[in-house]
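1. Got a sequence here, can you build the structure:
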Amino acid sequence: MCDYSKGVLLNIHPLDLAIIFLYLTIVTWAGIRLSGRLTSSRDYFLGGRTLPWRAVCLSVVATETSTLTFISIPGLAYLTNLNFLQLALGYIIGRVVVSFVFLPAYFRGDLTTSYTLLHNRFGPQVRRFSSLIFLFTRLLADGVRLFATAIPLSILTGWSIMLCIIIIAAVTMIYTSLGGLRSVVWIDVFQTIIYVAGAILTGFFILSRLPHGWQSVLQAVAAENKLQIFYPGFENSFMDFIQINYTLMASLLGGAFLSMASHGTDQIIVQRLLACRSIRESQKALITSGFIVLLQFAIFLLLGLLLYTFYNGVAMRSDEILPRFIIEELPRGFSGFIIAAVFAAAMSTLSSSLNSLASSTMFDLFLPHKKLTPQKELRLSRLFTMMWGIIFIAGAMFFKNTENPVVELGLAISSFTYGSVLGAFFLAAGKKDFQEQTILVSMWATILVMIWIIGPGPAVQLVLLSITAISGAWIFLLVSRFFRVLLLCLTALTIPLFVLCPSPQMAWPWYVPVGTAVMLFLGNFAGRLIKTG
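-> Numbering: from 1, shown residues only. Model (predicted):
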């Protein structure tokens with residue numbers, strides 16, 4: 001059997017090549033045409049707050065669906081079962097909380113980014129720190145994803161990884177920088193239809209190749225218990241229980257908190273919700289997106305079961321299964337459409353990152369210190385978008401292979417930071433008053449604790465601790481003497497954890513709930529210390 005992870009493969013047929021280039025051309029042209037009349041940075045980054053909720057809903061779905069999702073979820077069902085669907089139920093719960101807790105606060109004021117809420121509640125330094133966390137984590141995570149996305153595309157097309165990176169980033173950068181959020185949202189709608197249609201058509205093609213259709217599938221998967229959706233997992237010991245990825249409790253809690261963090265605090269999603277015409281439309285867009293993601297996951301998982309039946313359960317890597325089928329089994333023309341669907345999943349995520357990074361740079365870091373005319377704001381907004389696109393290309397080309405520890409860090413980086421940011425937003429949503437310095441120190445200490453709890457490899461841990469030390473030094477210079485002492489005490493209490501106590505190595509769905517709990521505890525603890533002091 002060929003090793004599909006090494007990239008030896010396909011001389012792409014001219015018909016498939018024509019379909020891919022037709023898709024890229026249509027996306028570029030449509031992105032420019034759909035931008036409308038842009039007169040200011042608010043038009044550019046918020047679509048004039050006139051975008052229909054259905055389009056925003058599909059854009060949210062496209063933003064959280066990367067090429068890695070498109071390829072890896074079928075592989076997950078192939079290798080295990082349908083337990084992953086439990087997580088999507090948690091996503092819906094989290095979206096409901098965001099809709100009725102965070103969105104009213106966003107729409108009460110004239111907010112341009114999610115971090116403006118923290119500014120209004122706590123002060124400018126918390127806004128700046130949260131925005132910097134977002135910029136760093138989004139750059140690292142999506143830079144790695146751009147590199148990782150180029151690997152299956154390189155396998156599918158036979159092009160070099162570098163060429164795939166340049167094509168994805170260049171086309172995305174053109175329509176994102178020229179058209180702004182309005183173009184990004186409408187292209188996301190188109191791309192969602194493309195990749196979902198690609199998955200469905202691939203499923204029907206597999207069914208046509210099975211001797212007894214659905215009966216063959218049911219016979220193959222029922223014997224292996226692959227139709228199991230819910231898994232309570234209570235028969236395990238406590239340590240085993242928290243180390244299993246998809247128990248019912250981990251999935252519902254983890255999915256809910258992850259969705260609250262990614263859709264309630266992360267600028268990449270909040271930016272879209274702020275572009276809706278009203279809070280009611282924003283709520284409809286967000287909650288509906290949860291049900292669409294559930295349906296989308298079901299389609300991808302079902303595709304994995306079909307592939308399992310087709311290949312008779314032959315052992316393969318999860319990221320090899322779907323690319324292998326596209327290469328070996330799909331007819332000419334159809335392969336080109338599916339490869340275009342893979343491009344669509346990649347570009348929808350990247351375009352969202354570019355636009356949100358540029359908006360956070362503009363509104364959180366630049367405009368608070370500088371007043372410009374609307375025309376200059378618009379030009380600078382486009383320049384920031386182009387700047388981030390170039391940084392993404394350079395960053396993705398830096399990686400040589402998936403064994404690089406920075407790749408591991410990039411794929412997991414939000415796990416370390418989401419809890420601290422979500423906890424800060426929960427404190428902002430409450431009625432209790434907190435000093436800005438309390439929130440800064442608590443957020444920093446939460447990230448430090450999460451590094452120990454997650455327990456990454458030594459190389460990743462060293463990188464994270466170095467970055468945390470630098471940010472801690474910056475906070476140390478900002479805060480008063482009392483908080484400097486508190487910062488040093490928290491550091492002194494945390495160091496023994498790394499030296500004496502092994503990490504609990506809990507499953508990843510627990511990261512955000514635990515991080516949020518740590519942030520809430522530290523924030524309230526520091527607040528009480530100030531009152532007693």
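
2. Checking residue 159 next. Helix, strand or coil?
-> Recorded secondary structure, residue 159: coil (DSSP: H, G, I helix; E, B strand; the rest coil).

3. Can you name the residues that contact the residue nearest to it when sequence neighbours are not counted?
-> Nearest non-adjacent residue to residue 159, counting by CB to CB, 6 or more residues apart in numbering: residue 153, 7.4 Å away. C-betas here are computed from N, CA, C, even on glycine. Neighbouring residues of residue 153 by CB atoms under 8 Å, 6 or more residues apart in numbering: 67, 159, 164, 168, 339, 342, 343, 346.

4. most neighbours, which of those residues?
-> Within the contacts of residue 153, residue 346 tops the neighbour count with 30 neighbours, counted by other CB atoms under 10 Å.

5. I'd guessed residue 184 sits against residue 351; true?
-> Yes: between residue 184 and residue 351 a contact is recorded at 4.7 Å, counting by CB atoms under 8 Å.

6. hey, what's in contact with both of these two?
-> 175, 176.

7. Just give me how far the host helix or strand of residue 251 sits from the chain centre.
-> Per DSSP states H and E, residue 251 falls inside helix 248-264. Between the centre of helix 248-264 and the centre of its chain there are 13 Å (CA atoms, centre = their mean, to the nearest Å).

8. ok, now stretch 474-492?
-> Worked out by CA atoms, centre = their mean, stretch 474-492 lies 32 Å from the chain centre.

9. mind listing what's buried in it?
-> By neighbour count on 16 or more other CB atoms under 10 Å, the buried set for stretch 474-492 is 475, 479, 483, 484, 486, 487, 490, 491.

10. same question, stretch 497-515
-> Across stretch 497-515, burial judged by 16+ other CB under 10 Å covers 506, 507, 509, 510, 511, 512, 513, 514, 515.

11. Could I get the residues you listed in TSV, plus columns for secondary structure and pLDDT?
-> Shown next, in TSV, are the buried residues of stretch 497-515 (DSSP: H, G, I helix; E, B strand; the rest coil; pLDDT from 0 to 100):
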residue	secondary structure	pLDDT
506	coil	89
507	coil	90
509	helix	92
510	helix	95
511	helix	94
512	helix	95
513	helix	97
514	helix	96
515	helix	96
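
12. Closest one of these to residue 448?
-> Set against residue 448, the nearest of those by CB to CB is residue 515 (11.1 Å).

13. Could you identify the most distant pair in the contacts of residue 153?
-> 67 and 159 (14.6 Å).

14. okay, which residue is most central for the chain?
-> Nearest to the mean C-alpha position of the chain, counting by CA atoms, centre = their mean, stands residue 64 at 5.3 Å.

15. ok, now which ones touch that residue?
-> 262, 269, 293, 349.

16. try it again with 10 Å
-> 91, 259, 262-263, 266, 268-269, 289, 293, 296, 348-349, 352 (CB atoms under 10 Å, 6 or more residues apart in numbering).

17. ok, back up a step: just the contacts of residue 153: which are in helices?
-> Members of the contacts of residue 153 lying in helices (criterion: DSSP state H): 67, 164, 168, 339, 342, 343, 346.

18. thinking again about what came up before, want to throw the contacts of residue 64 into a markdown table with distance to residue 427 and neighbour count?
-> Listed next are the contacts of residue 64 as a markdown table, based on distance: CB to CB, whole Å; neighbours: other CB atoms under 10 Å:
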| residue | distance to residue 427 | neighbour count |
| --- | --- | --- |
| 91 | 23 | 26 |
| 259 | 19 | 28 |
| 262 | 19 | 23 |
| 263 | 18 | 27 |
| 266 | 17 | 21 |
| 268 | 22 | 24 |
| 269 | 20 | 26 |
| 289 | 26 | 29 |
| 293 | 28 | 21 |
| 296 | 33 | 22 |
| 348 | 33 | 28 |
| 349 | 30 | 28 |
| 352 | 27 | 28 |
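
19. which one of these is nearest residue 81?
-> Among the contacts of residue 64, residue 296 lies closest to residue 81 (CB to CB), at 17.9 Å.

20. hang on, the closest one packs against residue 74?
-> No: counting by CB atoms under 10 Å, residue 296 does not reach residue 74; the two are 11.8 Å apart.

21. can you list residues touching both of these two?
-> residue 199.

22. What separation is there between residue 531 and residue 435?
-> 11 Å (CB to CB, to the nearest Å).

23. For those two, work out which one has more neighbours and name it.
-> residue 435 (17 against 6).

24. Now do the contacts for the more buried one.
-> Here residue 435 is in contact with 122, 123, 441, 479, 480, 482, 483, 526, 527, 530 (CB under 10 Å, 6+ apart).

25. quick one: it from residue 133, how far?
-> For residue 435, the distance to residue 133 - CB to CB - is 19 Å.

26. Let me see the domain layout of the chain.
-> Per the record, the chain has its domains at 14-399, 403-533, by automatic domain parsing.

27. And the ones you listed, which one averages the lowest pLDDT?
-> Of all these, the minimum mean pLDDT falls on domain 403-533 (a mean of 88).

28. As a check, name the ranges of all helices in the stretch 1-150 of the chain.
-> Here the stretch 1-150 of the chain has its helices, by DSSP state H, counting those that start in this stretch, at 14-33, 41-46, 53-63, 67-79, 85-101, 103-108, 115-121, 124-157.

29. Buried deepest among the ones you listed, which one?
-> Each of the helices of the stretch 1-150 of the chain was scored by mean neighbour count; the highest is helix 41-46, a mean of 26, by mean count of other CB atoms under 10 Å.
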